[in-house]
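# Turn this into a structure:
(chains A and B)
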Amino acid sequence: MTAETPHAAAGHGGHAAPNVKLYMLIFGALAFLTLLTVLISYIHLPPGPAIAAAISIAVIKSSLVVLFFMHLINERPIIYGILAVVAFFVLFLYLGPMADTIATSGRRPAQSVPTAVEAAR
Amino acid sequence: MTSEAAVMDVPHVGAGTGVTNAKLGIWLFLASEIMLFSTLFTTYIILRLGSSSWPRGWNVLNVPMGTLNTLVLITSSVTVVMAYAKAVERKRGQFRLFMGLTIALGVAFLIIKGFEWGAHFKAGEFPSSSIFLAAYFTMTGLHALHVIGGLITNSILLVLSEKQWDHPLFVGRVEAAGLYWHFVDIVWIFLFPALYLL
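Next comes the predicted model:
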């Protein structure tokens, strides 16, 4: 047999099994974390800690959505494989240019541009 | 319906993958979308790191409206997953209620975003005004286009639920549309702090 119908598969016919109670808990956590992000921003931390706090909370929130709303926590290996390939390239996409920017920070190429940046309020 | 057509309508779970074709397809599509938005985020980071000055988001953008929009989109993520749950449980009335709420929340998001953009234009702030505003309009504009795409898909499913409720592919379509909508929510989860709060 090369294929089976979803209804022959375990659970809800090949589709992720819903858990309404869990969805409500995740919703509460997401709302709380959103308000926490905004409250932290009003403290006006220095850029380093502010970025660390905001990105950490965003990663937690997106993980909750991906794991429980998108049911990745119970997903098949093929989906994990797709996301692993994406994660590799995304990491490369972020780290490559950032490493270059940091390494060449003495002659920052973008500094020749930003009169337009400074025009922002 | 011919027997061949009937077979085409049965959602197959591939023996090699263990997932339906619809689910595999939507995850591959989302993988390409992740790369698209990652490119924008990387560009934003490089511009910011390389600039001698950069405005703080709260000085330029409307944080209360951005917060409200975040809560609206998070709520819509709950309603779309509830719509999926009701589709699995075969409760059509409740599916329609939650899908309708998801669409209404998506429209509310766009209206709030429209007010924000309108205020910027009224103040003479355009993408050409600064690199920060160029990044802001590009990233939130592309995200808004994705919201519109999700709204169209969800609306089609709401209409199809009338006549195709018992179609063997219907639940899979709802699941795929839900996965896309959650992705749109996740993009905003990162856009909001990056643009408004840092």
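# Run through the residues that contact the closest residue to B:Gly18 other than its chain neighbours.
Excluding the flanking residues, the one nearest B:Gly18 by CB to CB, 6 or more residues apart in numbering or on different chains is A:Arg76, at 4.1 Å. All C-beta atoms are positioned from the backbone trio N, CA, C, and that covers glycine. Shown in contact with A:Arg76 (CB atoms under 8 Å, 6 or more residues apart in numbering or on different chains): B:Thr17, B:Gly18, B:Val19.
# for the chain, which spans come out with low pLDDT?
Looking at chain A here, since you left the chain open. Counting by pLDDT under 70, chain A has low-confidence residues at A:1-15, A:105-121.
# wrong one, chain B
Low-confidence segments of chain B, defined by pLDDT under 70, span residues B:1-15.
# what about stretch B:155-175, start to end distance?
14 Å (CA to CA, to the nearest Å).
# likewise stretch B:118-130?
This stretch, stretch B:118-130, spans 17 Å end to end (CA to CA).
# How far off centre is that stretch?
Its chain's C-alpha centre lies 25 Å from the corresponding centre of stretch B:118-130 when counted by CA atoms, centre = their mean, to the nearest Å.
# now stretch B:152-171
Average the C-alpha atoms of stretch B:152-171, do the same for its chain, and the two points are 19 Å apart (CA atoms, centre = their mean).
# That stretch and chain A in contact?
Yes: Stretch B:152-171 lies within reach of chain A by CB under 8 Å from any CB of the partner chain, at B:Pro168, B:Val171.
# Which strands or helices does the helix ranked longest in chain A pack on?
In chain A, assigned by DSSP state H, the helix with the most residues is helix A:77-103. On a contact count with 3 or more CB pairs under 8 Å, 6 or more residues apart in numbering or on different chains; DSSP states H and E, helix A:77-103 meets helix B:21-50.
# What are the buried residues along the helix it packs on?
Neighbour counts over helix B:21-50 (16 or more other CB atoms under 10 Å in any protein chain shown) mark B:21-24, B:26-27, B:30-31, B:33-34, B:37-38, B:40-42, B:44-48, B:50 as buried.
# Please pull up the helix or strand immediately following that helix.
helix B:57-60 (DSSP states H and E).
# Pull out the buried residues from the helix or strand just after that next one.
Once helix B:57-60 ends, the next helix or strand along the chain (criterion: DSSP H and E) is helix B:63-88. Of all the residues in helix B:63-88, those buried under the rule 16+ other CB under 10 Å are B:63, B:66-67, B:69-88.
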